[in-house]
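Chemist: no sequence for this one, just the structure:
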Ligand code: GLP
């Protein structure tokens, strides 16, 4: 394991070890401040982290009752209870194992009027005083949340047209069929994410090695949304050996 500054890069031998260390850190933060506001991701990457958090919740009797959560994104057109929704994913992997107050679980609603829903979400984040710890995964094209690469990026929570590669990598959650993956999503924007007091990005596996090398060693560019984490004063990039295999320093 080695670290460099700004953003801090930490490389673990494997994803399970990374998840264990990050979960322990989050559990300690939660014990210190029971009213933490978490920003949470979905995808394959955070599953091991959620498993470790669930384990620690039982072992250390973690109290989630005052915690507030905001998930990063949701598919347009899906109801919270739909099997492919991110809301359902979170219920299955984390929420049902905790004593989180349902009132403090915040989610973008995929069936709401997109414009009003995005404004509502920004207001809700502001009302609780912002996000303390934003956990992130990363798409192979460098997207965070659903902020896709492009000539420009949106600051605030917004409606997104999903790229084909993003829909393809989400197909596993829709019976492997890309045609079943919605074409649009609602996502926190870049400023919403970067305003979080701290950010922890997790990346595992060889498929993330190319984009992580560019995030760490490359220039800041809208063509790689995660490169904007270089601007964040308290960002941790947590990689396994495979995801770190193309870093140059
Ligand atoms: C989706 C989510 C992202 C996530 C990405 C990577 O596109 N919107 O938040 O980081 O998938 O997913 P995985 O962890 O499965 O590689």
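Modeler: Happy to help now that I have it. Remember, predicted model here, so these are calculated numbers, not experimental data.
Chemist: Close to the ligand: what parts of this protein are there?
Modeler: Proximity of the chain to the ligand, by CB under 6 Å from any ligand atom, involves residues 41-45, 72-73, 137-139, 145-146, 166, 169-170. The C-beta positions use only the backbone N, C-alpha and C, and glycine is treated the same way.
Chemist: from the residues you listed, which is closest to residue 240?
Modeler: Among those, residue 45 lies closest to residue 240 (CB to CB), at 9.9 Å.
Chemist: which ones are touching that closest one?
Modeler: 15, 137-138, 202-204 (CB atoms under 8 Å, 6 or more residues apart in numbering).
Chemist: repeat that for 7 Å
Modeler: Neighbouring residues of residue 45 by CB atoms under 7 Å, 6 or more residues apart in numbering: 137, 202-204.
Chemist: Mark which of these are part of helices, please.
Modeler: Among those, the subset assigned to helices under DSSP state H is empty.
Chemist: Just put those in CSV and tack on neighbour count and pLDDT.
Modeler: As requested, these are exported to CSV (neighbours: other CB atoms under 10 Å; pLDDT from 0 to 100):
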residue, neighbour count, pLDDT
137, 22, 98
202, 25, 98
203, 25, 98
204, 25, 97
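Chemist: So which residues of this protein form helices?
Modeler: 15-32, 46-59, 86-93, 114-127, 164-170, 190-194, 209-217.
Chemist: looking at these, which is buried most?
Modeler: helix 190-194 (a mean of 21; mean count of other CB atoms under 10 Å).
Chemist: Let me see the mean pLDDT of that helix.
Modeler: Averaging pLDDT along helix 190-194 gives 97.
Chemist: how distant is that helix from the center of its chain?
Modeler: 12 Å (CA atoms, centre = their mean, to the nearest Å).
Chemist: cool, and stretch 146-162?
Modeler: 15 Å.
Chemist: got a pLDDT number for residue 2?
Modeler: 42.
Chemist: go on, the one 5 residues further on?
Modeler: Here, the pLDDT recorded for residue 7 equals 93.
Chemist: Could you report the neighbour count for it?
Modeler: 20 (other CB atoms under 10 Å).
Chemist: these two touch, right, it and residue 237?
Modeler: Yes - with contacts counted by CB atoms under 7 Å, residue 7 reaches residue 237, the gap being 5.4 Å.
Chemist: circling back to that earlier point, strands - which of the contacts of residue 45 land there?
Modeler: 202-203 (DSSP state E).
Chemist: Out of the contacts of residue 45, which is nearest to the ligand?
Modeler: residue 137 (2.7 Å; CB to the nearest ligand atom).
Chemist: What residue, apart from its backbone neighbours, is nearest the closest one spatially?
Modeler: residue 45 (3.9 Å; CB to CB, 6 or more residues apart in numbering).
Chemist: now residue 122: how far from the ligand?
Modeler: 18 Å (CB to the nearest ligand atom, to the nearest Å).
Chemist: should've said residue 217
Modeler: 20 Å.
Chemist: and the closest residue to that residue other than its chain neighbours, how many neighbours?
Modeler: Of all residues not flanking residue 217 in the chain, residue 248 sits nearest, at 5.0 Å (CB to CB, 6+ apart). By other CB under 10 Å, the residues close to residue 248 number 7.
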